[in-house]
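S.K.: only geometry, no sequence info:
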């Protein structure tokens, strides 16, 4: 099944939502009707049922979204005049535009608008609201009425004051706050005096949408043919939708514009020789994709990602962290309630997170399957040029496999993570998967080019939704960053936080070995043992420095890079420099000495070499540090309990 056919199915499954606005991500969005586009209006005019002017006002930006009936030409217009229906820019709807703007080049625009409006109101598919708007605009007094309503100021020549300068006297009119260019380019929408409280505004009136769709379906001059998407005989179009990613996006997924350059001439005589797509199918697919991106898409730079179900649009977002996926602060509250008990057993923390993840995904999956979800699509879109949009990633999979893949990603790519509780603003620790945003920040740094980060998102998608192995170069990049702790001088980044993300990716790379945050005492891997040794040195020296109230870096941190390249030689240097710390701690150093001795004994002679360490040494280091800090907290808790 093609992506266009799947998106058309999404449109059909959600037809009840067409034309109904909803609040998503602090903006009003809707699934557009066929043959309609979305525009932002700056001026709203109210007319009577008889076609007389009633009132006008400036539209605030948060309420500007307006559903507009359109033709294929008007929806894709650039320089050639092509009016919409009902609502449009001043040069199309104002009969006195030339008188008040002086722009003679656009003198014929208004007549084009009236001619096609007349076709509609004289057809069997007329609507009384369309007729009222047509009657008013036929009078040609729109700008005059707007000036009298103090919407548009005029200069001494009785021309529209295009821009408000700082030197102009008086308070700045509202129109200049909502129009970014010249005032004469303002978009005007129209409404008709309501008969009752339930009567919808014109741009949300579903009966009006249907009247226009029926009119256009019967009156258009599109050629019929077989649609390559559905296999059915339909009216075809070579003009397909733009503004897919955002309102200013003019790039298209399907374009037959080859009037200059002649890139494809010689192969095809006309666009229909290459592909034939039904007008209605194209409209449904593009409207559905635009709607899905607005309500649940993710973007990095110019690349937009969206995951959706064919039968039910909302599905888990592949890029979310474990905390986000399992309900955010709800999981953090559970950790807070069990914080002391869990601090004594990292394995229990991992078990809690795993159970909560399983419960959350199972509940979500059960609910969505109950609503008929069977298939999930994951897409990524990007534009190489301003006019051409491409599908850079596409995967259609069964819903059961999608949920299994999400769960697999969160079970295999996890490590200790730090997250801020939004209620208490305290930093919490949990064992889980970092978000893809956090991974990108950790791998390339917070100041890295977004074009690099978007490629990482795309490369991780197969790992998340197809259970593919994680690319080794991504792991190598973040490991090389971690080897240089002093490169993390910016307050925007934390070496410890980046280390935790690195460990999550390393555990994913070696998922068959089953590494855990909880210390693996029986693991005799050379890399793991050397990492544990460095971890013991770090904790021991950090303890002494804290008692002395010194804030300098430990020797373990200073020699981190050298240790990863020449572990045996560097360890002897660090071991020697630990001597004064053993002396200062006295009997308190016994536990450290015992662990170091045990680890050194477990390293075979052939392992005590200067061969560079692999990424696994970071897992040994992290687990050892966490284990020792956890046991120290446990001892403090026990001593406090005994005193009580």
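M.R.: The structure has been received and is ready for your questions. Here the structure is a predicted model, which means the values were calculated and not measured.
S.K.: contacts and neighbour counts: CA atoms only from here.
M.R.: OK.
S.K.: Show me what the helix or strand encompassing residue 396 pairs with in its sheet, parallel or antiparallel.
M.R.: According to DSSP states H and E, residue 396 maps onto strand 389-398. Here strand 389-398 has these sheet partners by DSSP bridges: strand 375-383 (antiparallel).
S.K.: Give me the contact list for the strand it pairs with.
M.R.: Strand 375-383 is touched from outside by 251, 302-311, 315, 389-399, 402, 458, with contacts defined as C-alpha atoms under 8 Å, 6 or more residues apart in numbering.
S.K.: And those, which of them are buried?
M.R.: 251, 303-311, 315, 389-390, 394, 396, 399, 402, 458 (16 or more other C-alpha atoms under 10 Å).
S.K.: burial measure for the residue nearest to residue 402 when sequence neighbours are not counted, as a count.
M.R.: Once flanking residues are discounted, residue 402 sits nearest to residue 465: 6.0 Å by C-alpha to C-alpha, 6 or more residues apart in numbering. Number of residues near residue 465 (other C-alpha atoms under 10 Å) recorded here: 23.
S.K.: wait, residue 465 sits on residue 407?
M.R.: No: using C-alpha atoms under 8 Å, residue 465 is not in contact with residue 407, being 9.6 Å away.
S.K.: Give the bridge partners for the residue positioned nearest the centre of the chain, please.
M.R.: Residue closest to the average C-alpha location in the chain (C-alpha atoms, centre = their mean): residue 298, at 1.3 Å. Following DSSP bridges, residue 298 is listed with bridge partners residue 305.
S.K.: residues contacting it?
M.R.: Counting by C-alpha under 8 Å, 6+ apart, residue 298 has contacts 304, 305, 306.
S.K.: Distance from stretch 111-131 to the middle of the chain?
M.R.: 41 Å (C-alpha atoms, centre = their mean, to the nearest Å).
S.K.: Stretch 53-63 too?
M.R.: 32 Å.
S.K.: quick one, helices of the stretch 301-450 of the chain?
M.R.: Remark: helices assigned in the stretch 301-450 of the chain by DSSP state H, counting those that start in this stretch are 322-325, 329-337, 339-343, 346-370, 399-412, 436-444, 450-465.
S.K.: Tell me how many other residues surround residue 386.
M.R.: By other C-alpha under 10 Å, neighbour count at residue 386 equals 10.
S.K.: Relative to residue 304, how far out is it?
M.R.: Relative to residue 304, residue 386 is positioned 15 Å away (C-alpha to C-alpha, to the nearest Å).
S.K.: likewise residue 151?
M.R.: Taken as C-alpha to C-alpha, the span from residue 151 to residue 304 is 38 Å.
S.K.: What of residue 123?
M.R.: From residue 123 over to residue 304 the distance is 42 Å, taken as C-alpha to C-alpha.
S.K.: same deal with residue 562?
M.R.: In terms of C-alpha to C-alpha, residue 562 sits 41 Å off from residue 304.
S.K.: next one: residue 431
M.R.: From residue 431 to residue 304 the distance is 29 Å (C-alpha to C-alpha).
S.K.: same thing with residue 325?
M.R.: Distance of residue 325 to residue 304, computed by C-alpha to C-alpha: 20 Å.
S.K.: same question, residue 37
M.R.: Counting by C-alpha to C-alpha, the gap from residue 37 to residue 304 is 21 Å.
S.K.: same thing with residue 310?
M.R.: Plainly put, residue 310 is 19 Å away from residue 304 if you go by C-alpha to C-alpha.
S.K.: So residue 92 sits against residue 116, correct?
M.R.: No: judged on C-alpha under 8 Å, residue 92 makes no contact with residue 116 at a distance of 11.5 Å.
S.K.: Between these two, which has more neighbouring residues?
M.R.: More crowded of residue 92 and residue 116, by other C-alpha under 10 Å: residue 92, with 26 against 13.
S.K.: so what's that one closest to, chain neighbours aside?
M.R.: residue 110 (4.3 Å).
S.K.: counting contacts, what elements does the helix or strand containing the one you found pack onto?
M.R.: Using DSSP H and E, residue 110 sits within helix 109-121. The contact analysis (3 or more C-alpha pairs under 8 Å, 6 or more residues apart in numbering; DSSP states H and E) places helix 109-121 against helix 90-93, helix 128-138.
S.K.: how about stretch 134-143: buried residues?
M.R.: Buried positions in stretch 134-143, judged by neighbour count with 16+ other C-alpha under 10 Å: 134, 135, 136, 137, 138, 140, 141, 142, 143.
S.K.: what stretches of the chain score poorly on pLDDT?
M.R.: The model of the chain has pLDDT under 70 over residues 1, 257-267, 327-371, 421-425, 490-492, 632-644.
S.K.: tell me the domain ranges of it?
M.R.: Split into domains by automatic domain parsing, the chain comes to 1-26+221-295, 32-219, 297-518, 521-644.
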